[in-house]
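[1] just a sequence and a predicted model for now, questions to come.
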Amino acid sequence: MHARGQDRFYYGILKKLNLSDDEVAMVMGHEVAHALREHARERIGKSTATQGLSRIGGALVAGIFGIDPRITDMVAQQGANLLTLKFSREDETEADLVGMELGARAGFDPRSGVTLWEKMSANNQNAPPEWMSTHPSGNSRIQEMQANMDKVLPLYQRAKTP
């Protein structure tokens with residue numbers, strides 16, 4: 001029933017970070033949000049469009065300014081790669097917020113998203129700078145969650161009210 005390695009991933013994060021039930025709900029809500037928002041399919045489309053436009057732009061610059069097309073293609077590809085990372089970070093932020101809402105509606109404390117990312121950040125001191133990553137930094141995630149807490153706490157309180 002488990003995909004290869006999937007059972008070790010969840011067990012590892014549970015054990016290593018000593019996650020509460022509410023924090024586990026935030027992780028699962030995040031993953032469900034990716035599926036609901038079809039981020040994988042969307043990412044393929046964004047990546048294809050970005051790569052194609054960067055090649056066209058590179059070819060135009062090479063033609064107009066007489067620059068070696070290999071150089072403009074390389075620069076354009078790097079720019080496209082950075083833009084693709086930005087799209088990916090946006091998907092991650094959206095999954096965090098939608099996951100937090102899903103968890104709150106199911107009766108799990110959305111404030112645990114903040115404690116989850118505090119634990120994740122403390123455990124991941126060697127993370128690359130945000131602009132080079134597919135994921136937002138832990139601090140960025142925490143700030144976004146805190147900025148949206150007023151929207152999800154009432155959902156949580158309603159779910160907890162008999």
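    That came through, no problem.

[2] hang on, isn't residue 98 packed against residue 36?
    Yes - under the contact definition of C-beta atoms under 8 Å, residue 98 touches residue 36, with a separation of 6.8 Å. From N, CA and C alone the C-beta is placed, and that goes for glycine too.

[3] so, low pLDDT: which residues of this structure?
    Across the chain, the ranges flagged by pLDDT under 70 are 1-11, 38-63, 65, 69-87, 127-135.

[4] same thing but at 80, please
    1-14, 37-89, 124-136 (pLDDT under 80).

[5] which residues are in contact with residue 25?
    With contact taken as C-beta atoms under 8 Å, 6 or more residues apart in numbering, residue 25 is in contact with 103, 106, 108, 112.

[6] would you mind measuring from the second one to residue 68?
    When distance is defined by C-beta to C-beta, to the nearest Å, residue 106 is 56 Å away from residue 68.

[7] compare neighbour counts for those two and give me the winner.
    Between residue 106 and residue 68, counted using other C-beta atoms under 10 Å, the more crowded position is residue 106 (13 against 9).
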